[in-house]
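Asks: model this:
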Amino acid sequence: MKKSMTSTEKIIEYIRKIAPEQYQEEWDNSGYQVRIKNETEKVILCMDVTDKVIDHAVESGVKLIISHHPMIFTGIKRIDEDSYLGKNIIKLIENKISVYSSHTSLDVSDKGVNVALAEALGLPIVENFAMTDSTTIGYVLENNIGDEIYERLNALGAIFYGKKVPVERLAIVGGSGMSYFDEVVSRGLNMYITGDVKHHDGQRAYEDNISLVDLTHYGSEKFALDKLKELLEEKFTIDVEIIDTNFKFYI
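Replies: Next comes the predicted model:
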């Protein structure tokens, strides 16, 4: 299908329907990071807005970047071209590129991070998992593949903590979800999949006889970009490109 110029405002209006800003956590800064009314034939999706993402947008003529993590978390007092953030903001404005971030509002969306993670695992959702300040987050899944779940997770780059136990039901919270570990224990779940797991979290999982799975912060959230790409390409006649911004490197 031939791609056409589409209003960046219309694209963001659609994103806001998928992940309403009012559902974000109080500490979050979901929403426009840089807003410039424009049109675009292509959108870039990423987890984080980096200099390389912005450079690629400039080279490709892209006028809208949609990230998961906000480019700006706290208030800034000045824009300085000698700072990393300041230089990026200036380049975005000079090239009339908007940036919109859908963070914790996408975490709790029924088309967001945790639904995408459940689909990537290929396991059915049984019920909602935990409560945030404003809504529910994460899901309880049924393990209908037995011990194959460990092989599937291993293929996704999982790090395992605690104990390898038979899994009937498990919980998922993409990103940084260890603050909900008490809920896993109280509900008698066998496995918990999240990111940002620390050494002593693993010790507690061992003591509580739970299989604790760290997909990393990036690895547990990245599937949401694929889902968002699919939704945007169904709705609009635009190209959507996902750019990997995983900060790990290997030597």
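Asks: Next, name the residue at the spatial heart of this structure.
Replies: By CA atoms, centre = their mean, the chain has its centre lying nearest to Glu221, at 3.7 Å.
Asks: thinking that residue is in contact with Gly175, fair?
Replies: Yes - here Glu221 lies in contact with Gly175, judged by CB atoms under 8 Å, at a distance of 5.3 Å. (C-beta placed from N, C-alpha, C; glycine too.)
Asks: just to revisit the earlier point, so for the residue nearest to the centre of the chain, what's the pLDDT?
Replies: Per-residue confidence (pLDDT) for Glu221: 97.
Asks: The one 10 residues further on too?
Replies: Model confidence at Leu231, given as pLDDT, is 97.
Asks: what does the domain assignment say about this structure?
Replies: 6-103+221-242, 108-220 (the TED database).
Asks: Lys96 - how many residues pack around it?
Replies: By the criterion of other CB atoms under 10 Å, Lys96 has 13 neighbours.
Asks: so it, which of the three states?
Replies: coil (DSSP: H, G, I helix; E, B strand; the rest coil).
Asks: Contact partners for Lys229?
Replies: Lys229 is in contact with Leu45, Val240, Ile242, counting by CB atoms under 8 Å, 6 or more residues apart in numbering.
Asks: Name the residues contacting each of Glu221 and Gly175.
Replies: Val113, Gly195.
Asks: so where is the stretch 101-250 of the chain shaky, pLDDT-wise?
Replies: Residues of the stretch 101-250 of the chain meeting the criterion pLDDT under 70: none.
Asks: Please report how far the residue nearest to the centre of the chain lies from Thr104.
Replies: Using CB to CB, to the nearest Å, we find Glu221 at a distance of 11 Å from Thr104.
Asks: Ok, Lys37 next?
Replies: Taking CB to CB, one finds Lys37 at 26 Å from Thr104.
Asks: between the two, who's got more neighbours?
Replies: Thr104 (27 against 10).
Asks: just checking, that one touches Asn29?
Replies: No - judged on CB under 8 Å, Thr104 makes no contact with Asn29 at a distance of 9.6 Å.
Asks: where along the stretch 101-250 of the chain do the strands fall?
Replies: Ranges of strands in the stretch 101-250 of the chain, per DSSP state E, counting those that start in this stretch, are 125-131, 136-142, 159-162, 169-176, 191-195, 211-214, 239-243.
Asks: so which of those is the most packed in?
Replies: strand 191-195 (a mean of 26; mean count of other CB atoms under 10 Å).
Asks: ok and that one relative to strand 136-142, angle-wise?
Replies: Using axes from the mean of the first three to the mean of the last three CA atoms, to 10 degrees, the direction of strand 191-195 lies 140 degrees away from that of strand 136-142.
Asks: who does strand 191-195 pair up with?
Replies: Strand 191-195 sits in its sheet next to strand 169-176 (parallel), strand 211-214 (parallel), going by DSSP bridges.
Asks: what's in contact with the longest one?
Replies: The one in question is strand 169-176. Outside strand 169-176, the residues touching it (CB under 8 Å, 6+ apart) are 107, 113-114, 116-118, 121, 123, 126, 129-130, 137-143, 149, 180, 183-184, 187, 189-196, 211, 215, 217, 220-221, 223-224.
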